[in-house]
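Undergrad: Build the 3D model from these lines:
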Amino acid sequence: GEFLGIVGPNGAGKSTLLKTILGLVKPLAGEVRVFGKPPDELGPARQRIGYVPQMRDIDRRFPVHVFDVVLMGRYGLIGLGRRPGEEDRRIALEALERVGMKDFAHRQIGQLSGGQLQRVFVARALAVEPEILILDEPTAGVDITATESFYEFLEDLKSSLNLTVLLVSHDVSVISQHVDKVACLNRRLVLHGLPQEAMTSEALE
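TA: The predicted model follows:
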């Protein structure tokens, strides 16, 4: 149920840490446990994690509509070669409604602003009905006004769905106003604590 901000400079290992939590990378030392197990042993419980990738990994020219993108979030639950059913469509539509993008369901993704597209990818992550929501630099390339409202939106989402949220960012000052705890990372864990602790000059240095 906590909102954790993971902050650090470029090359600090933030995205690598997320990929390890997701089971995409194996740790060379130490261990990561999710729901009490190593990520590669989660099995079906892996679907309890929603993931929002970095925006720069997205090809906005791809001819796909908003609703189809959100429905993709259900594919891991549906299984290989099976078509989405009515229940899957209902959950995808509910996820779009929850992020305020239901009216954009039939738009091509290239027609959306950066902030709108980010909400669509949050909806895709919510379509698995997760307990943990992981976001990698979700506001990169989004203007400051949209960034502020996006963090407020995440706070509301966390509370209403009782989610645990892990958010990676290099913007310490902005996220420190919204998260419960901060983990300062620079190849190693420099600090894990309250946002005001992370804002001290020593920790930032």
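
Undergrad: Assign the residue nearest to the spatial centre of the chain to helix, strand or coil.
TA: For the chain, the residue nearest the mean C-alpha position is Leu135 (2.3 Å; Cα atoms, centre = their mean). Classification of Leu135 using DSSP: H, G, I helix; E, B strand; the rest coil returns strand.

Undergrad: what do you get for Ile6?
TA: Applying three-state DSSP: Ile6 is strand.

Undergrad: Neighbours of it, how many?
TA: Ile6 has 27 neighbouring residues, counting by other Cβ atoms under 10 Å. No exception for glycine: its C-beta is placed from N, CA and C like everyone else's.

Undergrad: Could you check how far the helix or strand of the chain with the lowest mean pLDDT is from the centre of its chain?
TA: Using mean pLDDT, DSSP states H and E, helix 201-204 stands out as the lowest-scoring helix or strand of the chain, at a mean of 75. When distances are taken as Cα atoms, centre = their mean, to the nearest Å, helix 201-204 is centred 26 Å away from the chain's centroid.

Undergrad: same deal with stretch 59-77?
TA: The answer for stretch 59-77 is 16 Å, by Cα atoms, centre = their mean.

Undergrad: Determine the set of other helices and strands touching the longest helix seen in the chain.
TA: In the chain, assigned by DSSP state H, the helix with the most residues is helix 144-161. Counting by 3 or more Cβ pairs under 8 Å, 6 or more residues apart in numbering; DSSP states H and E, the packing neighbours recorded for helix 144-161 are strand 3-7, helix 114-126, strand 132-136, strand 164-169, helix 172-175.

Undergrad: circling back: close enough to count as contact, the residue nearest to the centre of the chain and Lys158?
TA: No. Using Cβ atoms under 8 Å, Leu135 is not in contact with Lys158; the gap is 11.2 Å.

Undergrad: what do the two both touch?
TA: Common neighbours of Leu135 and Lys158 are listed as Val165 (criterion: Cβ atoms under 8 Å, 6 or more residues apart in numbering).
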